[in-house]
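[1] build me a model:
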Amino acid sequence: MTKNTHSSTSILVNARVLGVPSNGQKRVAQEIINRLSDIELARPISASGARGHLWEQVTLPLRAKGRRLWSPSTSGPICHPNHIVTVHDIAFVDGPQWFSSSFARLYDFIVARHVSRASHIVVVSNFTRGRLIEHYGARPDRVTTISSGVTKQFHRRTNEAVHEAQMRLGIPACAYLVAFLGSDPRKNTGSIIRAWQAVSNLQPEAKLVTFGQASNLRVFSNVRIRTEDPTIINVGPISDDDLACLYSGAAGFVFPSLYEGFGLPVIEATACGCRVITSNVTSLPEVSPPDALLIDPSNNGELADAMVQVLGVEDTPLARQSRIAFSARFDWDLAATRYQQVFREYFS
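    Numbers count the residues shown, from 1 in each chain. Sure, this is the predicted structure:
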């Protein structure tokens, strides 16, 4: 693969997202970039805040000078004439209460201009495609869905690897559910904790194992999360290998998100054979295996019932293999091939 070729025929990539803390959009960009050839990465000195936007709207288009430009993370120069943009979601429109008001207004403005001016728009789910068409009036033939993939670390692990990870992370030998813990209000962490309080009364030997870290509080509205229940084990930020072990040993993964543009954690857990409890809204039904328990994320009772069901019914090898087979449709190599097709068709 050729990177940073400085060729007039190469595709310039707006790599601003690679300079931000790890998140789903950064993972998507990095996985696709790793599989593209003849590209040049353009990186700002500072990726976040006003300086990052100023670089993106002024410095980057001056550097591009009409060249083919791909922006993989929703934002990008609004006046560049030869530009393909990947839009992950429009949560800033559908749920502005989850963001600072300045962030929501800015991104609404940027995406509206992309829809009317960009050479083409790529989205990560049919849900986001529909929202661009409904809200911004995007032409259906100018929006292409390319699903994300499963990163190679997410595969079912051996019993020995699972046991070693559990011992190292302080997880006792018991049934447990896995959930993401963070301050992003869209992840609905408060509902997980409230539902778990009811579940732990019925399943006192079971544990809820949470992972993750706080989101960018300059973007997200303030959310206070406390987990003082002794049946909750927070392992904090962990590696993808350890997370794959947690998924492989868990009774299920709990992800009652209020809003997703895609839902990488769902397909990553599924690729490890793990049962999934997730929401029946936004993109999540698209990426969930057939036996996933889809619940109303605003209904704590429904979420608790799903947790009890998963903890109370033993999983089977056949069901695990079925989930793993389902996850195979989400493939980074296939996604990169589809990006190359879009670039050939829509770049001038």
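[2] run a quick neighbour tally on the nearest residue to residue 138 once chain neighbours are set aside.
    Leaving out its chain neighbours, the residue that sits closest to residue 138 by CB to CB, 6 or more residues apart in numbering is residue 132, at 4.2 Å. C-betas here are computed from N, CA, C, even on glycine. A total of 24 residues lie near residue 132 under the criterion other CB atoms under 10 Å.
[3] element containing residue 132, please.
    Per DSSP states H and E, residue 132 falls inside helix 126-136.
[4] residues contacting that helix, please?
    Identification of contacts with helix 126-136 by CB atoms under 8 Å, 6 or more residues apart in numbering yields 87-90, 93-94, 111-112, 115-116, 121, 123, 138-140, 143, 145, 261-262, 282-283, 286.
[5] of those residues, grab the buried ones for PyMOL.
    Buried residues among these (16 or more other CB atoms under 10 Å), as a PyMOL selection:
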select buried, resi 87+88+89+90+93+111+112+115+121+123+138+143+145+261+262+282+283+286
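[6] which ones among the contacts of helix 126-136 map onto helices?
    93-94, 111-112, 115-116, 286 (DSSP state H).
[7] look up how far residue 98 lies from the residue nearest to residue 138.
    When distances are taken as CB to CB, to the nearest Å, residue 132 and residue 98 turn out to be 19 Å apart.
[8] equivalent analysis for residue 108, please.
    Using CB to CB, we find residue 108 at a distance of 13 Å from residue 98.
[9] more crowded one of the two?
    Taking other CB under 10 Å, residue 108 and residue 98 do not tie; residue 98 has more neighbours (20 against 15).
[10] excluding its backbone neighbours, what's nearest the more buried one?
    Spatial nearest neighbour of residue 98, chain neighbours left out: residue 185 (5.0 Å); criterion: CB to CB, 6+ apart.
[11] what number of residues lie near the one you found?
    If we define neighbours as other CB under 10 Å, then residue 185 has 20 of them.
[12] before we move on, what about residue 35?
    The burial count for residue 35: 17, using other CB under 10 Å.
[13] doesn't residue 336 make contact with it?
    Yes. With contact defined as CB atoms under 8 Å, residue 35 and residue 336 form a contacting pair (3.6 Å).
[14] the stretch 201-348 of the chain: strands as residue ranges?
    Along the stretch 201-348 of the chain, the segments classed as strands by DSSP state E, counting those that start in this stretch run 207-211, 232-236, 252-255, 276-279, 293-295.
[15] note down every partner strand of the second one and its orientation.
    To tie it back to what came earlier, the one meant is strand 232-236. Strand pairing for strand 232-236, using DSSP bridges, gives strand 207-211 (parallel).
[16] for the shortest one, same thing?
    With DSSP bridges as the criterion, the sheet partners recorded for strand 293-295 are strand 276-279 (parallel).
[17] what lies in contact with the partner strand?
    Contacts of strand 276-279 (CB under 8 Å, 6+ apart): 177, 188, 252-258, 260, 263, 266, 269-270, 284, 288-289, 292-297, 303, 306-307, 310, 323.
[18] same check on stretch 330-347?
    So stretch 330-347 is contacted by 11, 31-32, 35-36, 68, 70, 82, 84, 119-120, 122, 144, 146-151, 267, 271, 287 (CB under 8 Å, 6+ apart).
[19] what's the answer for stretch 166-177, then?
    When contacts are defined by CB under 8 Å, 6+ apart, stretch 166-177 is touched by residues 196, 203, 205-209, 233, 235, 238, 242, 245-246, 249-254, 277, 307, 310-311.
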